[in-house]
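J.: Here is my input, please return the structure:
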Amino acid sequence: MITATMGRCLHIYDSGFQCIGETLDETDFCDAHQKVVPFESLPVSVWRKALFRFVALILLLVFLIPLYYTLREMYLGPPVKAQEVW
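T.: Sure, this is the predicted structure:
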């Protein structure tokens, strides 16, 4: 006969002892130690959205401009034979 055992609460007291409450899942807290915190989203601000887009544009330019110059030198430059000097 297989018996399913209940898991123990994962809460550890300040003294170092574990809570003796039981849970259905072994990686969960008991009802006394389970705290549900409602998520409150930040208000949407036009200035914040504009600032994020501006910073994203600056970061994009910081990475794309050196990449453009690197690729231009590697592939769009004159062939090696044309660069040779007598």
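
J.: how about low-confidence regions in the protein?
T.: 1-4, 78-86 (pLDDT under 70).

J.: so where's the longest helix in it?
T.: helix 46-75 (DSSP state H).

J.: Quick one: list the elements packing against that helix.
T.: If you count contacts as 3 or more CB pairs under 8 Å, 6 or more residues apart in numbering; DSSP states H and E, helix 46-75 packs onto no helix or strand. For every residue, glycine as well, the C-beta is placed using N, CA and C.

J.: Which positions within it qualify as buried?
T.: Buried residues in helix 46-75, counted by 16 or more other CB atoms under 10 Å: none are found.

J.: What of stretch 13-32?
T.: Cys19, Gly21, Thr23, Phe29, Cys30.

J.: List the ones among those residues that fall in strands.
T.: Among the buried residues of stretch 13-32, the members falling in strands (DSSP state E) are Thr23.

J.: Widest-spaced pair of the buried residues of stretch 13-32?
T.: Across these, the longest distance by CB to CB is 9.6 Å; it joins Cys19 and Thr23.

J.: Report the set of residues contacting both of these two.
T.: Shared contacts of Cys19 and Thr23, defined by CB atoms under 8 Å, 6 or more residues apart in numbering, comprise Arg8, Cys9, Phe29, Cys30.

J.: Which one of those is nearest to Ser41?
T.: Phe29 (25.1 Å).

J.: Okay, the closest one and Ile20: tell me how far apart.
T.: To Ile20, Phe29 is 13 Å away according to CB to CB, to the nearest Å.

J.: Check the contact lists of those two and give me the overlap.
T.: By CB under 8 Å, 6+ apart, the residues touching both Phe29 and Ile20 are Cys9.

J.: ok so, going back, restricted to helices, list the shared contacts of Cys19 and Thr23.
T.: Within the shared contacts of Cys19 and Thr23, no residue falls in helices by DSSP H.

J.: For these, which two are the farthest from each other?
T.: Once CB to CB is applied, the shared contacts of Cys19 and Thr23 give Arg8 and Phe29 as the farthest pair, at 10.0 Å.

J.: can you give me the offset of stretch 31-41 from its chain's centre?
T.: Distance of stretch 31-41 from its chain centroid, counting by CA atoms, centre = their mean, to the nearest Å, is 22 Å.
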